[in-house]
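# What follows is a predicted protein model with its sequence.
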Amino acid sequence: MKTTVEIPDSLLEQTKRLALREHTTVRALVEKGLRQIVADHKRIKPFRLRKASFRGKGLQPQVASAGWQQILDTVYEGRGA
C-alpha cells in the first residue's frame, strides 16, 4: 500500500545515507523501523496490580464495630496526624 509520510529533511537525508551504506532502500529502513516499533509494543505487558490480600481473623476487637473516623484515629495514633 502506498501512503505519504512527512519526514523532516535532516532525518530523510540521514536515512538516505544509511540506506546507501547498508545497500538497501529508504523504504526497507522505514518498514524495518515500523516493524520494530510494533513488535516492541506487543512485548510490553499492561500493568497488573499483584494480589496482595492475606488471610487473617478480621479486624481487631477495638475497631471491629468502630466507624471509619475512629479507625483512622487508631491507625494514626501517636504519629502526629
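On my side now, so go ahead. Numbers count the residues shown, from 1 in each chain.
# And the helix or strand bottoming out on mean pLDDT in the chain, how far out from the chain middle?
The weakest-scoring helix or strand in the chain, judged by mean pLDDT, DSSP states H and E, is helix 68-75 (a mean of 87). A distance of 35 Å separates the centroid of the chain from that of helix 68-75, by C-alpha atoms, centre = their mean, to the nearest Å.
# do stretch 63-77 as well
36 Å.
# what does stretch 43-59 give?
Here stretch 43-59 is found 18 Å from its chain centre; the criterion is C-alpha atoms, centre = their mean.
# neighbouring contacts of the least confident helix or strand of the chain?
By C-beta atoms under 8 Å, 6 or more residues apart in numbering, the residues outside helix 68-75 that reach it are 62, 63, 66. Where C-beta positions appear, they are placed from N, C-alpha and C, glycine not excepted.
# residues of it that come out buried?
Of the residues in helix 68-75, none is buried by neighbour count under the rule 16 or more other C-beta atoms under 10 Å.
# Point out where the chain drops to low pLDDT.
Applying pLDDT under 70 to the chain flags the ranges 81.
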